[in-house]
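>>> no sequence for this one, just the structure:
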């Protein structure tokens with residue numbers, strides 16, 4: 001048992017490193033995905049609309065895995081006080097560089113286990129396409145619940161296993177496992193775009209590893225002290241185009257330019273008044289440290305990475 005722990009820790013460290021490299025490489029082109037004619041424009045509207053049902057101007061919102069900050073900036077424009085955090089330095093550099101003062105940007109070290117915020121300090125926590133990449137979704141949800149105020153709202157998106165997109169990804173993953181690791185030849189050039197895209201896709205398939213049914217997500221969320229929000233608490237809700245839903249439905253949203261349906265489920269929860277197990281209000285090993293570019297670096301040395 002003890003001998004297996006270093007190997008497990010090494011695998012987790014390798015996984016986190018690959019996630020960081022994947023999203024650092026994507027940072028340059030990430031904002032274009034959320035442009036008005038981009039493929040994720042509808043997703044941005046959908047998430048902003050849902051948060052708008054549950055938050056009032058002046059409320060504090062945590063955008064966990066904020067990327068280049070498109071959602072954070074959209075929420076800040078409505079009067080919300082937004083904090084965006086991520087483990088990708090390249091993503092955060094772009095978030096802080098483009099109208100970066102509209103929100104607070106916090107860089108999480110790869111070894112973080114506790115969020116560097118006091119308990120009950122946020123009204124809403126959103127984690128869009130984050131939990132599929134983390135080592136321990138239950139631990140991440142537990143920390144999200146801790147920093148939420150009682151009855152605060154937690155929402156996240158996860159892969160929709162009923163989507164044909166996910167079926168195709170499963171088949172592709174099986175093929176990559178059979179093919180083995182990619183062969184890198186000494187003469188390969190970085191500008192070989194086709195080969196580069198294939199390697200990036202393989203990295204995505206390896207790192208996006210938490211693929212579970214909705215009932216699994218509901219169970220792990222309840223264990224963290226999060227309970228599903230009933231549809232009645234989303235007044236005027238209609239079924240949107242770009243996001244498939246779990247226990248709730250969103251308000252009106254604008255579909256993406258191609259009219260395509262996203263292969264995601266959006267799940268919305270409220271934090272219980274009392275969390276299971278009792279958690280410390282300020283973890284002693286999560287101390288924020290000021291850094292440049294309007295960002296803060298959260299240090300938690302020697303701990304497992306939860307991007």
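Happy to help now that I have it. Here the structure is a predicted model, which means the values were calculated and not measured.
>>> Could you use CA atoms for every contact and neighbour count after this?
OK.
>>> and residue 83, helix, strand or coil?
Using DSSP: H, G, I helix; E, B strand; the rest coil, the structure places residue 83 in strand.
>>> shaky segments in the chain?
Residue ranges of the chain with pLDDT under 70: 1-7, 100, 111, 177-196, 198, 232, 234-262, 277-307.
>>> okay, which residue is most central for it?
Closest residue to the average C-alpha location of the chain: residue 130 at 2.5 Å, with CA atoms, centre = their mean.
>>> Buried residues of the longest helix along the chain, list them for me.
If you go by DSSP state H, the chain has its longest helix at helix 4-26. Within helix 4-26, the residues that qualify as buried by neighbour count (16 or more other CA atoms under 10 Å) are 12, 13, 15, 16, 18, 19, 20, 21, 22, 23, 24, 26.
>>> which residues of this structure fall in helices?
4-26, 30-33, 41-54, 70-76, 89-97, 137-147, 164-179, 193-207, 214-223.
>>> With distance to residue 121 as added columns, please give those helices in TSV.
Shown next, in TSV, are the helices of the chain (distance: least, CA to CA, whole Å):
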stretch	distance to residue 121
helix 4-26	27
helix 30-33	29
helix 41-54	16
helix 70-76	17
helix 89-97	22
helix 137-147	5
helix 164-179	36
helix 193-207	30
helix 214-223	19
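>>> Those helices: which one's closest to residue 157?
When the helices of the chain are compared by CA to CA, helix 41-54 sits nearest residue 157, at 9.4 Å.
>>> contacting residues for residue 67?
Contacts for residue 67 (CA atoms under 8 Å, 6 or more residues apart in numbering) come out as 27, 30, 85, 86, 88, 91, 92, 95.
>>> Correction: the previous question concerned residue 73.
By CA under 8 Å, 6+ apart, residue 73 lies in contact with 102, 103.
>>> where's it relative to residue 205, distance?
According to CA to CA, to the nearest Å, residue 73 stands 29 Å off from residue 205.
>>> got the phi/psi numbers for residue 121?
phi -100, psi 0 (degrees, to the nearest 10).
>>> Excluding covalently adjacent residues, which one is nearest to it?
residue 147 (5.4 Å; CA to CA, 6 or more residues apart in numbering).
>>> ok, the one you found - contacts?
115, 117, 118, 119, 120, 121, 122 are the contacts of residue 147 under CA under 8 Å, 6+ apart.
>>> Which single one of those residues is nearest to residue 197?
Nearest to residue 197 out of these is residue 115 (CA to CA; 33.0 Å).
>>> Just give the number of residues close to the closest one.
The number of residues packed near residue 115 is 25, by other CA atoms under 10 Å.
>>> and if you look at residue 90?
19.
>>> surely it meets residue 21?
No - contact between residue 90 and residue 21 fails when scored by CA atoms under 8 Å: they sit 9.6 Å apart.
>>> Mind putting the buried residues of helix 4-26 into CSV with distance to residue 79?
Output for these, formatted as CSV (distance: CA to CA, whole Å):
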residue, distance to residue 79
12, 38
13, 38
15, 37
16, 34
18, 36
19, 32
20, 31
21, 33
22, 32
23, 29
24, 29
26, 29
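>>> any idea how far the longest helix of the chain is from the chain center?
Remark: helix 4-26 is offset 16 Å from the chain centroid, using CA atoms, centre = their mean, to the nearest Å.
>>> could you check the angle helix 89-97 makes with that helix?
With axes from the mean of the first three to the mean of the last three CA atoms, to 10 degrees defining the directions, helix 4-26 sits at 50 degrees from helix 89-97.
>>> which secondary structure elements does helix 4-26 contact?
For helix 4-26, the packing partners by 3 or more CA pairs under 8 Å, 6 or more residues apart in numbering; DSSP states H and E come out as helix 89-97, helix 193-207.
>>> got the ones you listed as a markdown table, with distance to residue 8 columns?
Listed next are the helices and strands packed on helix 4-26 as a markdown table, based on distance: least, CA to CA, whole Å:
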| stretch | distance to residue 8 |
| --- | --- |
| helix 89-97 | 25 |
| helix 193-207 | 16 |
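>>> most packed of the ones you listed?
Compared across the helices and strands packed on helix 4-26, helix 89-97 shows the largest average neighbour count, a mean of 22 (mean count of other CA atoms under 10 Å).
>>> Can you spell out which helices and strands pack onto that one?
helix 4-26, strand 104-108.
>>> Give me the distance from stretch 83-90 to the chain's centre.
Here stretch 83-90 is found 10 Å from its chain centre; the criterion is CA atoms, centre = their mean.
>>> for the protein, what's the longest strand?
Assignment by DSSP state E gives strand 148-159 as the longest strand of the chain.
>>> Switch the helices and strands packed on helix 89-97 over to CSV; also include distance to residue 40.
Listed next are the helices and strands packed on helix 89-97 as CSV, based on distance: least, CA to CA, whole Å:
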stretch, distance to residue 40
helix 4-26, 14
strand 104-108, 22
